[in-house]
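Chemist: how does the following fold in three dimensions:
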Amino acid sequence: MYDLTLETFIAAADCGSFTKAAERLFISPTAVMKQINALENRLELKLVERSSSGVKLTPAGGVIYKNAKFIIEYSQKSIAEARVAASNYDTMFCVGTSLLNPAKPFMDLWYELNSEFSDYKLRLVPFEDNHEGILSEIGSLGRKFDFLIGVCDSKQWLSLCNFEPLGSYKKMIAVPREHRLAQKSSVKPEELHGETLIMVKRGDSETNDIIRADLEKNHPEINIEDAPQFYDLNVFNRAVQANSVLLTLECWQEVHSALVSIPVEWDYSIPYGILYSLNPPDDVLRFIECVRNS
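Modeler: Numbers count the residues shown, from 1 in each chain. Predicted coordinates for the structure are as follows:
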């Protein structure tokens, strides 16, 4: 963090003698003299006046002496703080959280199991539900986050992480508050005839592909409109602006205040759980094992 010859320079100034500084530092007087000479050459400043009676600081040396003590003290404090931070980091789990993948289910689980990890702390790390960048966020597991928790049957997500299922969320629809179906307590698929249904495009989610195939075969009167394979807030805004029906999940009922979520009379759901790195450290694996045994 700093030039170690500063300590030799301070010792020489405090002792007023190269010989006495050498005794304090357990090195030879010649080594002290060489270090002071090297420091003066490096700084291009004369720092001490040498005489038969010892050494005395020059005006420039007085400035360096005062500031060198501060530099050393500040450096030592910084190193101590860094060590504390490193220690805290080693006993900390970082949990990702976003609008569509909030950390609350993880927090609920954590408070059930944290007696096994009493020396650990949690840090919530926010991220954006951007359909173009979400794969990068999933790929950050093990670096940016230790865990994410969310719904997942995405083939692309599962290629980038491990997944420990905790349960499932029912597939629902959401409609704008002024939509003709907004007051319904539940709907049958045939009640969506004539509507535009926004859902993720085919190919990444097995559950969504099964729902699409069912609707295309048995309810061709529903106009299916593709959304990106990963929802973000723009998809919810799109449903509001177009007064369309959005295929959604029961865990997203509070995502957009202008939309009303309604159960559908079918048996479709998507699993949710903990996402973690493909190459997790031992403490992450230990936590996952506790989850499995709980």
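Chemist: tell me the SS of the closest residue to Gly139 other than its chain neighbours?
Modeler: Of all residues not flanking Gly139 in the chain, Leu160 sits nearest, at 5.1 Å (Cβ to Cβ, 6 or more residues apart in numbering). Heads up, the C-betas are built off the backbone N, CA and C, glycines and all. Here Leu160 is coil, with the state taken from DSSP: H, G, I helix; E, B strand; the rest coil.
Chemist: touching, Ala242 and Glu195? I think so.
Modeler: No - contact status for Ala242 versus Glu195: not in contact, 10.7 Å apart, counting by Cβ atoms under 8 Å.
Chemist: which SSE is immediately downstream of the least confident helix or strand in the chain by mean pLDDT?
Modeler: Least confident helix or strand of the chain, by mean pLDDT, DSSP states H and E, is helix 59-90 with a mean of 76. Using DSSP states H and E, the helix or strand that follows helix 59-90 in sequence is strand 92-97.
Chemist: from the contact counts, what lies against that next one?
Modeler: strand 121-126, strand 148-151, helix 282-293 (3 or more Cβ pairs under 8 Å, 6 or more residues apart in numbering; DSSP states H and E).
Chemist: any chance of these in CSV, plus mean pLDDT and mean neighbour count?
Modeler: CSV is the format used below for the helices and strands packed on strand 92-97 (pLDDT from 0 to 100; neighbours: other Cβ atoms under 10 Å):
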stretch, mean pLDDT, mean neighbour count
strand 121-126, 92, 13
strand 148-151, 94, 25
helix 282-293, 94, 14
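Chemist: indicate which one of these is closest to Val255.
Modeler: Among these, strand 148-151 comes nearest to Val255, with 12.4 Å by Cβ to Cβ.
Chemist: in a strand, Met172, correct?
Modeler: Yes - with three-state DSSP as the criterion, Met172 is located in a strand.
Chemist: hmm, back to that, so which of the helices and strands packed on strand 92-97 gets nearest Ile79?
Modeler: The nearest among these, by Cβ to Cβ, is strand 121-126 at 21.8 Å.
Chemist: any chance you could map the helices in the protein?
Modeler: 5-15, 18-25, 29-43, 59-90, 104-113, 134-139, 155-158, 206-218, 233-242, 282-293 (DSSP state H).
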